[in-house]
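below: sequence and its predicted model.
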Amino acid sequence: TFSFQQLPIAYWQSGSGRPLLLIHGFPTAAWDWSWMWDRLAETRQLIACDMLGFGFSAKPKSDYSLLRQADLHEVLLADRGIVECDLLVHDYGVSVAQELLARQSEGRLQFRIGCICFLNGGMFPGQHRPRLIQKLGASPLGPMVSLLMNERRFSKSLAAVFGPQTQPSADELKAFWQLMNANDGHRLAHKLLAYMAERVTCRERWVGALVNARVPLMHINGAADPVSGEHVYRYWRELLPNSQAVLLPGIGHYPQCEAPNAVLAETLAFLGA
């Protein structure tokens, strides 16, 4: 762990070579990367944390701004003495990466980003299709939604965004739940969901960071994802025609868990590892 604003943050670091920062999504944690971790670590120095409100990290009562999560990653890399790295990001983490990229373009990022590989996520707010449970969680009913959250409801909701042929096992769903449930994190889900409104507020800044990026970008998309699947891939291709993009048919919202070999191959090819 390391301390961020006097709060304990869990992180993992292994491997050797050029650093690769991995940023997870909502509502899970850095464990999402475990399907690919060992093989990535053969050629890269990996670093990943559970962000505030997720997994084994601190879960304060308030302030889950994506800007604060970006601050957290700057402190993490400074703490580990990393001054340059590449990024592999997913879901909620894509917005954190966009903010870091915007800071780099402004010349005020504490480290240098070499390139970014985006998995399924809401890079473009107008293309994001939140599930009903997310809409309710972000509404005035949010506290009630969190209060009523249990393992069965959580597992059903999470499994719905995986591909039909790549569903998580019962053990995997239990592990995902345990990470969210740690320190009563499931009672804070509605506060974490404030990220959807923040994406809209910061749309110009974060989409602009992609359009004006001076570093290589890539998108690996699970096409069967109902939230940010093939429609986001097609929008990416239209808006960022000079960047790379790969579509994975039949794969859902968690390509790093559902098709780790395919994601690994595409990621390593992009990174030049």
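Structure's in. What do you need?

please pull out the lowest mean pLDDT helix or strand from the chain.
In the chain, no helix or strand scores lower on mean pLDDT, DSSP states H and E than helix 132-137, which sits at a mean of 74.

residue contacts, residue 11?
Residue 11 makes contact with 1, 2, 30, 47, 48, 49, 50, 76, according to CB atoms under 8 Å, 6 or more residues apart in numbering. No exception for glycine: its C-beta is placed from N, CA and C like everyone else's.

let's go with 10 Å and repeat that
Residues in contact with residue 11, defined by CB atoms under 10 Å, 6 or more residues apart in numbering, are 1-2, 4, 30, 47-50, 56-57, 72, 76, 79-80.

show me those that map onto helices.
72, 76, 79 (DSSP state H).

how far does the least confident helix or strand of the chain sit from the chain's center?
With CA atoms, centre = their mean, to the nearest Å as the basis, helix 132-137 stands 19 Å off its chain's centre.

and if you look at stretch 111-122?
10 Å.

one step back: list buried residues within the ones in helices among the contacts of residue 11.
Buried by 16 or more other CB atoms under 10 Å: 72, 76, out of the ones in helices among the contacts of residue 11.

can you list the ones in helices among the contacts of residue 11 in a markdown table and add distance to residue 107 and pLDDT?
Putting the ones in helices among the contacts of residue 11 into a markdown table (distance: CB to CB, whole Å; pLDDT from 0 to 100) gives the following:
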| residue | distance to residue 107 | pLDDT |
| --- | --- | --- |
| 72 | 21 | 98 |
| 76 | 21 | 97 |
| 79 | 22 | 94 |
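
in stretch 146-165, which residues are buried?
146, 149, 154, 155, 157, 158, 161, 162, 163.

and what of stretch 39-53?
For stretch 39-53, the neighbour count (16+ other CB under 10 Å) marks 40-41, 43-53 as buried.
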